[in-house]
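Participant: Pasting the sequence and the predicted coordinates here, then a few questions.
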Amino acid sequence: MWANHRHCTYLPRPARRRADDHVWGGNFVSDTNVYSQILREDIPESYRDLLDTLGRETFFKVVRACSGQNLYIPKWESLERNARDRDIRAHFNGGNYRALAVQFRLSERQIRKIINGTRT
């Protein structure tokens, strides 16, 4: 049965892609037709916020790309912190720890850790 095709790693890539087509009522149908048949109620409640945020098309792309996997989504704050740290390193001139501390509202010790790559 096609439902187990992901376990058949010996299938060539085109055959695996064809196996990804859904069977609906005994007929192969396109993704678009299947997506239109999937109702909001068919999606587990814990994923509906993600559906609302991404929209149907993008949500289904993520589901198709990551089906069955645990997906880690970082906190927004960690993305901001990584961008800030990159900015600090870009503005570092070899001795301006104090100025960077004032500019980024951090302690000199925090700036030194960021510059030295030892921030945890």
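Facilitator: Looks like it arrived, so ask away.
Participant: Give me the pLDDT value at the residue nearest the centre of the chain.
Facilitator: In the chain, the C-alpha nearest the mean C-alpha coordinate belongs to I73, at 5.7 Å (Cα atoms, centre = their mean). Listed pLDDT for I73 reads 87.
Participant: quick one: it and E80, what's the gap?
Facilitator: Counting by Cβ to Cβ, to the nearest Å, the gap from I73 to E80 is 14 Å. Heads up, the C-betas are built off the backbone N, CA and C, glycines and all.
Participant: returning to that earlier point: give me the distance between the residue nearest to the centre of the chain and L54.
Facilitator: 11 Å.
Participant: could you pull out the strands for this structure?
Facilitator: For the chain, the strands defined by DSSP state E cover 22-24, 27-29.
Participant: can you tell me how far the most far-flung residue of the chain relative to its centre sits from I111?
Facilitator: The C-alpha centroid of the chain is most remote from G95, which lies 37.4 Å away (Cα atoms, centre = their mean). Distance, G95 to I111, using Cβ to Cβ: 11 Å.
Participant: List the contacts of stretch 91-108.
Facilitator: Under the criterion Cβ atoms under 8 Å, 6 or more residues apart in numbering, residues R84, D87, I88, Q110, I111, R112, I114, I115 lie in contact with stretch 91-108.
Participant: Try it again at 10 Å.
Facilitator: Contacts to stretch 91-108, defined as Cβ atoms under 10 Å, 6 or more residues apart in numbering, come from residues R84, D85, D87, I88, R89, R109, Q110, I111, R112, K113, I114, I115.
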